[in-house]
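1. Quick one, structure for this:
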Amino acid sequence: MRDLKGIVEMTLLVEENGALTPAREYFHRDTAYVEGRSGQRYALRVRNLTGGRVEVVPTVDGLDVQSGKDASFDLRGHVIDAHGSWDFTGFRISQTDVATFRFGSIEQSYAAQIGKPRNVGVIGLAVFEERAPLPPPPPTAAPPSPPPMFSGAPPIGGAAPAPAAPPPSGAVARAPMAPPGFGPPAPAPGAAYAPAPQAPKGLGTTFGERRESRIHSTTFDRATPKPAAVLVIRYEQREGLRALGIAVDGLSERETASPFPAETGFAKPPPGWRG
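-> Here you go, the predicted structure:
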């Protein structure tokens, strides 16, 4: 799926026969859904469609995949070069490794394990464009030559003022969180001793086995505090998709359905015809 501005393309890849392949997307009430199976590995592929760098902040089950914190727009993300792509394969645990994304029961999910099952079942992506560099300042004219002075006379005028310090670069703008999947719900007033949240039934993402995924640090100056685009994919088991009213059964028959079933192209021989 792509954002409306055509900045990035986001694809959920699921493991089939040992290889990651794009998952089938179902659209229901303006929301994209994909089917997952317990134990199945998956990854999130993001492709930059523009000629400039972008910063993306991916979230799984309401958690930032880089830090494991409650997802919000003011957390820093991953920079993707112009026309480049990156596969997010797990929750990051170091600059060299991640914990693999695998579907599992909500009770087994990473979010539930740390007591935050409220947003299980949703994958999000916030996209930030880069601020254009400021043009260089115009050249300043050389100061006029001082008038000649007589021996013993005090200097006329003072020293030229020091040039102004250049503006700081690379500053990170902070902004409040916005759509679902990018932050926890506001606490209820007076809920000082609320009971632990109960995990709903369905599918979540587990903190899987260690997998190599190397990154390095860089700088990125966001053009705006709020993202230029936000993409969302929800995932469920087949039974959950069916319960939502999404037609997932008989898909192979629908894909091979013919718009002209009477047009076979050939005559059927009559009974007893031996040719």
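
2. show me the contacts for Lys69.
-> By C-beta atoms under 8 Å, 6 or more residues apart in numbering, Lys69 lies in contact with Leu63, Leu75. Placement of C-beta: from N, CA and C, glycine included.

3. Please tell me how far it sits from Arg47.
-> Remark: distance between Lys69 and Arg47 (C-beta to C-beta, to the nearest Å) = 26 Å.

4. cool, and Arg102?
-> 23 Å.

5. So if I had to pick from those two, which one is more boxed in?
-> Just comparing Arg102 and Arg47: by other C-beta atoms under 10 Å the higher neighbour count belongs to Arg102, 23 against 15.

6. where's that one relative to Glu212, distance?
-> Distance from Arg102 to Glu212, by C-beta to C-beta: 16 Å.

7. ok, now Gly272?
-> In terms of C-beta to C-beta, Gly272 sits 69 Å off from Glu212.

8. more neighbours, the two?
-> Neighbour totals were compared for Gly272 and Glu212, and Glu212 leads with 8 against 5 (other C-beta under 10 Å).

9. Find the residue closest to the more buried one in space, skipping its chain neighbours.
-> Excluding the flanking residues, the one nearest Glu212 by C-beta to C-beta, 6 or more residues apart in numbering is Asp97, at 5.9 Å.

10. so how many other residues sit close to that neighbour?
-> By other C-beta under 10 Å, 14 other residues sit near Asp97.

11. Show the contacting residues for it.
-> Arg210, Arg211, Glu212, Ser213.

12. In TSV, list the residues you listed along with secondary structure, distance to Pro22 and pLDDT.
-> Shown next, in TSV, are the contacts of Asp97 (DSSP: H, G, I helix; E, B strand; the rest coil; distance: C-beta to C-beta, whole Å; pLDDT from 0 to 100):
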residue	secondary structure	distance to Pro22	pLDDT
Arg210	strand	25	98
Arg211	strand	20	98
Glu212	strand	23	98
Ser213	coil	20	98
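
13. so which of the residues you listed is the most crowded?
-> Counting by other C-beta under 10 Å, top hit in the contacts of Asp97: Ser213 with 19 neighbours.

14. Spatially nearest residue to that residue, not counting backbone neighbours?
-> Nearest to Ser213 is Val98, by C-beta to C-beta, 6+ apart, at 4.6 Å.

15. and the helix or strand containing that neighbour, how far out from the chain's middle?
-> Using DSSP states H and E, Val98 sits in strand 97-105. When distances are taken as C-alpha atoms, centre = their mean, to the nearest Å, strand 97-105 is centred 16 Å away from the chain's centroid.

16. Brilliant, that's me finished.
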